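Asks: Structure of the sequence below:
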Amino acid sequence: MTIHSFPVFNYEDMVNGAITPDHVFDTLRKHGYFYLTRLEQVVPPRLFKSLHEKARHFFASPLEQKMAYYIGASPNHRGYVPVTEKGAYSDEKIRAYEAFDIGYDSAEAPGRGFKLVGPNRYPGHVDGMDAALQAYYDANLRIGTELLRLIARASQLEDSHFDRYITRPASQLRLIHYLENDVLVGQDDASMGAHTDYEVFTIMHQSAPGLLAFDQVGRSWKNMPVFKNTLLVLAGDMLEFMSGGHIKSLLHRVVSTGEERYSFPFFMNLDFDTELTVLPAWGRSDKSVVVGHHLLGQLYRDFPYIKERVDSGQWVLDFAIPSHNEYEQI
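Replies: Modelled structure (predicted):
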């Protein structure tokens, strides 16, 4: 099914087998993304509404109150990301967004390394934010797990092939608030620079247009529309690797008209220590990649506090930080 040439899947049809795994795989191979609709059984409209309400309440808080949850003061990459936590996207004119991150909630102590394990932190002054975000995280993890089962079947594997790698996944939910501003008003002004996402999938909900995807066939940027109570699934770096490059990680960026906008990406990933190889159905390769090593190698570029911890030796790594992300190819 398509709407204005954009691939759209009914979630109910996808999980009950009316849409085949091969169709899902081929859609990602052709487009790098698809939309999911009819989500009532997993993300009811009231949960979308609550997510927006909690995000608006938190981001409207005074900066001092938000900075009490600064992500750089967290041992496990949880909390508030201010506009000053600027990464190294070359085409990002200014940093015009703030964010709040949570991950897989675990009582396990983070330890000295970067494993993305441990408890989440929630601002106490936003009533019900913890319950709403956890419910939304759980719903997206369920969707991501279903998508991985489809990828497994399309790759001639058992449905449950990836289940063993989703015990405490390095999956993150990010609330992003693009600020109203009078600086980014040009057609090509990026409020988030061009990049791919480092995980297996990104499952995204948006409040307004602004996301652009790079069309490899047309060699141009394509505006991605926004539909109510709908999710947008993007292929990520680990999916490109596992598929032997048959599916490409979707290069995308965000442009701004200067108006306020919210985005809620869920980065579906496997356990931090998972070592991946190319799935046999998609080729032969001696190369492997550790999910968490790739993730941290890219977050090193995106978060100054992570770069400082690694460079100072506070986090000692047993792998090299790459000079670039090999999947971000135009």
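Asks: Check which residues of stretch 249-259 are buried.
Replies: By neighbour count on 16 or more other Cβ atoms under 10 Å, the buried set for stretch 249-259 is 249-258. For every residue, glycine as well, the C-beta is placed using N, CA and C.
Asks: From these, pick the one nearest residue 218.
Replies: Distance to residue 218 across the buried residues of stretch 249-259 (Cβ to Cβ) is lowest for residue 251, with 12.9 Å.
Asks: mind checking pLDDT for the closest one?
Replies: Looking at residue 251, its pLDDT reads 95.
Asks: which element is the nearest residue to it once chain neighbours are set aside on?
Replies: Excluding its sequence neighbours, the residue lying closest to residue 251 (Cβ to Cβ, 6 or more residues apart in numbering) is residue 214, at 4.1 Å. For residue 214, the element it lies in under DSSP states H and E is strand 211-215.
Asks: got it, and residue 289?
Replies: Here residue 289 is assigned to strand 288-290, by DSSP H and E.
Asks: Adjacent strands (with direction) for that strand?
Replies: strand 275-277 (antiparallel) (DSSP bridges).
Asks: pLDDT of the partner strand, averaged?
Replies: Average pLDDT, strand 275-277: 97.
Asks: For residue 65, what are phi and psi?
Replies: Backbone torsions of residue 65, given as degrees, to the nearest 10, read phi -70, psi -40.
Asks: Roughly how far does the one residue sitting closest to the centre of the chain sit from residue 209?
Replies: Taking Cα atoms, centre = their mean as the criterion, residue 267 is the residue nearest the geometric centre of the chain, at 2.9 Å. Distance, residue 267 to residue 209, by Cβ to Cβ, to the nearest Å: 21 Å.
Asks: one step back: which ones among the buried residues of stretch 249-259 lie within strands?
Replies: Among the buried residues of stretch 249-259, the members found in strands (DSSP state E) are 252-255.
Asks: Include distance to residue 104 when you put those residues into JSON lines, please.
Replies: Listed next are those as JSON lines, based on distance: Cβ to Cβ, whole Å:
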{"residue": "252", "distance to residue 104": "24"}
{"residue": "253", "distance to residue 104": "27"}
{"residue": "254", "distance to residue 104": "26"}
{"residue": "255", "distance to residue 104": "31"}
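Asks: could you point out which element follows the helix ranked longest in the chain?
Replies: Taking DSSP state H as the criterion, the chain has its longest helix at helix 129-154. Per DSSP H and E, the first helix or strand lying C-terminal to helix 129-154 is strand 172-178.
Asks: buried sites along that next one?
Replies: In strand 172-178, counting by 16+ other Cβ under 10 Å, buried: 172-178.
Asks: same check, this time on stretch 225-237
Replies: Result for stretch 225-237 [16+ other Cβ under 10 Å]: buried residues 226, 230-237.
Asks: before we move on, back to that, looking at the ones in strands among the buried residues of stretch 249-259, spot the one nearest residue 327.
Replies: residue 252 (12.0 Å).
Asks: Touching, residue 227 and residue 36? I think so.
Replies: No. Judged on Cβ atoms under 8 Å, residue 227 makes no contact with residue 36 at a distance of 9.8 Å.
Asks: Tell me what residue 289 is bridged to.
Replies: residue 276.
Asks: ok, it - contacts?
Replies: Neighbour list for residue 289: 238, 241, 275-276 [criterion: Cβ atoms under 8 Å, 6 or more residues apart in numbering].
Asks: try it again with 10 Å
Replies: 237-238, 241-242, 274-278, 297 (Cβ atoms under 10 Å, 6 or more residues apart in numbering).
Asks: Likewise for residue 231?
Replies: Per Cβ under 10 Å, 6+ apart, neighbours of residue 231: 9, 11, 34-37, 39, 42-43, 48, 139-140, 143, 202-206, 264-266.
Asks: Quick check: phi and psi at it.
Replies: Backbone geometry at residue 231, expressed as degrees, to the nearest 10, gives phi -110, psi 150.
Asks: So for it, what's the nearest residue that isn't a sequence neighbour?
Replies: Nearest residue to residue 231, sequence neighbours excluded (Cβ to Cβ, 6+ apart): residue 36, at 4.4 Å.
Asks: The one you found - how many residues pack around it?
Replies: By other Cβ atoms under 10 Å, the residues close to residue 36 number 21.
Asks: starting at the chain centroid, how far to whichever strand or helix holds it?
Replies: Take DSSP H and E as the rule and residue 36 turns out to sit in strand 33-37. Computed by Cα atoms, centre = their mean, to the nearest Å, the separation of strand 33-37 from the middle of its chain amounts to 15 Å.
Asks: tell me what that strand is packed against?
Replies: In terms of contacts (3 or more Cβ pairs under 10 Å, 6 or more residues apart in numbering; DSSP states H and E), strand 33-37 is packed against strand 2-3, strand 6-10, helix 11-15, helix 21-31, strand 201-206, strand 231-235.
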